[in-house]
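Trainee: Next comes the sequence, and after it the predicted model I'd like to discuss.
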Protein chains: 2
Amino acid sequence: MAQDLQGRRVAFLATDGVERIELEQPRGAMHGAGARTDVISIHPGEIQARQFDMVSAGTFPVDRLVTDVSVGDYDALILPGGTVNPDQLRINANAVTFVKDFVATGKPVAAICHGPWTLLEADAVRGKRMTSWPSLWTDLRRAGAEVLDQEVVMDGQFTTSRSPADLPAFCAAIVGQFSKATQHA
Amino acid sequence: MAQDLQGRRVAFLATDGVERIELEQPRGAMHGAGARTDVISIHPGEIQARQFDMVSAGTFPVDRLVTDVSVGDYDALILPGGTVNPDQLRINANAVTFVKDFVATGKPVAAICHGPWTLLEADAVRGKRMTSWPSLWTDLRRAGAEVLDQEVVMDGQFTTSRSPADLPAFCAAIVGQFSKATQHA
């Protein structure tokens, strides 16, 4: 059970302004289940993390640039929040194309808090049941999603949660979802 | 000419994460033209300002709470940006109601950068020509606006700009727009 994700490769797509705990805890969940993880971003070096958006909370080293990876490199994609982070990703054409292409593979995609902004920018939420931080609900509905106010919403390849308070349930849900998905070569 | 806005009262609606220069420069433009200004917010005390979202840039004292003002108290409304600022305002029912009610008066409303998020949350942009920081363009279009990539877009009561780089043109435009508007008793 503890190695449900042995051999799986999981990408976290994030940039400056990422909410630290929303990257770190799901990353721990992936490692705890045996997966390998990369932080992929839109610039090299380190990305600046935040706590509740406003407090500096250290950095994460960038493992790979989004321009240097392909969707075949990963079995699952996780989109953490932090308000500024997806606000920057959604205007980066390489990041949006990667997300759109990854969704098209059918492999699992998880997003928490403000993370779903990049999904709605990629026009990937139409007809899907989802949740997010409440500030995105109007945008998600106008992009065609059905918004639910629940700690975890699962619909097909998507797992979404609202905020750091949902992380225990979110972490458990993504380990479960990713382990059920077919592993790609 | 220098006192075009003598006797006018202008509200800046903002909260933590406001982009400092997007509040300070338009405020200077208002004062330079003879207007009086208030920073109204959703919590008392001070709000935390930012420079390019990620760098701490001091504070602004809050003059009045949005729950303590009425739309009749002001002749014009300005919505500065900073990503976190309108992201917090748009989930505050009092702030959104104030914006919706202010728009309904027909008095001038100006917004820059991420500021228009609160306008689209209030469903106030349908059929309007507008601009904003590019990360909002998808949201603005889905909310029914026609998005233009120009330093200043004026449509009826609305004046909008894209970023701090547009501030010289934005400041001139709002002084002009506000001075042409009918002064309310």
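Mentor: Noted; the coordinates are in hand.
Trainee: If you count neighbours, what's buried in stretch A:26-45?
Mentor: In terms of neighbour count (16 or more other C-beta atoms under 10 Å in any protein chain shown), stretch A:26-45 has its buried residues at A:26-27, A:29-30, A:33, A:35, A:37-42. Backbone N, C-alpha and C define where each C-beta goes, glycine included.
Trainee: could those be laid out in TSV, adding secondary structure?
Mentor: TSV is the format used below for the buried residues of stretch A:26-45 (DSSP: H, G, I helix; E, B strand; the rest coil):
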residue	secondary structure
A:P26	helix
A:R27	helix
A:A29	helix
A:M30	helix
A:A33	coil
A:A35	coil
A:T37	strand
A:D38	strand
A:V39	strand
A:I40	strand
A:S41	strand
A:I42	coil
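Trainee: so what's whatever residue of chain A ends up closest to chain B up against?
Mentor: Here chain A gets closest to chain B at one residue, A:R142, 3.9 Å apart by C-beta to the nearest C-beta. For A:R142, the contact set (C-beta atoms under 8 Å, 6 or more residues apart in numbering or on different chains) comprises B:139, B:142-143.
Trainee: what's the closest of those to chain A?
Mentor: Minimum distance to chain A across those is 3.9 Å, recorded for B:R142 (C-beta to the nearest C-beta).
Trainee: Run through chain A and note the low-pLDDT ranges.
Mentor: Where chain A drops to pLDDT under 70, the residues are A:1-2, A:183-185.
Trainee: 50 instead, please
Mentor: Within chain A, the segments meeting pLDDT under 50 span A:1, A:185.
Trainee: hmm, back to that, just flag the most distant two among the buried residues of stretch A:26-45.
Mentor: Pairwise distances across those (C-beta to C-beta) peak at 27.4 Å, for the pair A:A33 and A:I42.
Trainee: ok, and the closest non-adjacent residue to the residue most central in space within chain A?
Mentor: Residue closest to the average C-alpha location in chain A (C-alpha atoms, centre = their mean): A:L79, at 1.6 Å. Leaving aside its chain neighbours, A:L79 sits nearest to A:G115 (3.5 Å; criterion: C-beta to C-beta, 6 or more residues apart in numbering or on different chains).
Trainee: From B:S132, how far off is that neighbour?
Mentor: 21 Å (C-beta to C-beta, to the nearest Å).
Trainee: Up against chain B, what does chain A have?
Mentor: Within chain A, the positions adjacent to chain B are A:16-17, A:48, A:53-54, A:83-84, A:87-88, A:90-91, A:114, A:120-121, A:134-135, A:138-139, A:142-143 by C-beta under 8 Å from any C-beta of the partner chain.
Trainee: go with 10 Å
Mentor: Selection of chain A residues close to chain B by C-beta under 10 Å from any C-beta of the partner chain yields A:16-17, A:48, A:50, A:52-56, A:82-92, A:96, A:114, A:117, A:120-123, A:133-139, A:141-144.
Trainee: When you filter the residues you listed down to buried only, what's left?
Mentor: Taking 16+ other C-beta under 10 Å as the criterion, what is buried in the residues of chain A next to chain B is A:16-17, A:48, A:50, A:53, A:82-92, A:96, A:114, A:117, A:120-122, A:133, A:135-139, A:142-143.
Trainee: And the helix or strand hosting A:F60, what does it pack against?
Mentor: If you go by DSSP states H and E, A:F60 is part of strand A:55-61. Other helices and strands packing on strand A:55-61, by 3 or more C-beta pairs under 10 Å, 6 or more residues apart in numbering or on different chains; DSSP states H and E, are strand A:18-19, helix A:20-32, strand A:36-41, strand A:46-51, strand B:55-61.
Trainee: How far off centre is it?
Mentor: Counting by C-alpha atoms, centre = their mean, to the nearest Å, strand A:55-61 is centred 18 Å from the centre of its parent chain.
Trainee: ditto for stretch A:122-137
Mentor: On C-alpha atoms, centre = their mean, the centre of stretch A:122-137 falls 13 Å from the chain's centre.
Trainee: Straight-line length of that stretch, end to end?
Mentor: One end of stretch A:122-137 to the other measures 16 Å (C-alpha to C-alpha, to the nearest Å).
Trainee: Please enumerate the helices of chain A.
Mentor: Counting by DSSP state H, residue ranges of the helices within chain A are A:20-32, A:84-89, A:93-105, A:116-121, A:137-142, A:167-180.
Trainee: Compute the inter-axis angle for the last one and helix A:20-32.
Mentor: It stands for helix A:167-180. Per axes from the mean of the first three to the mean of the last three C-alpha atoms, to 10 degrees, the angle that helix A:167-180 makes with helix A:20-32 is 40 degrees.
Trainee: I'm done for today, thanks for sticking with me.
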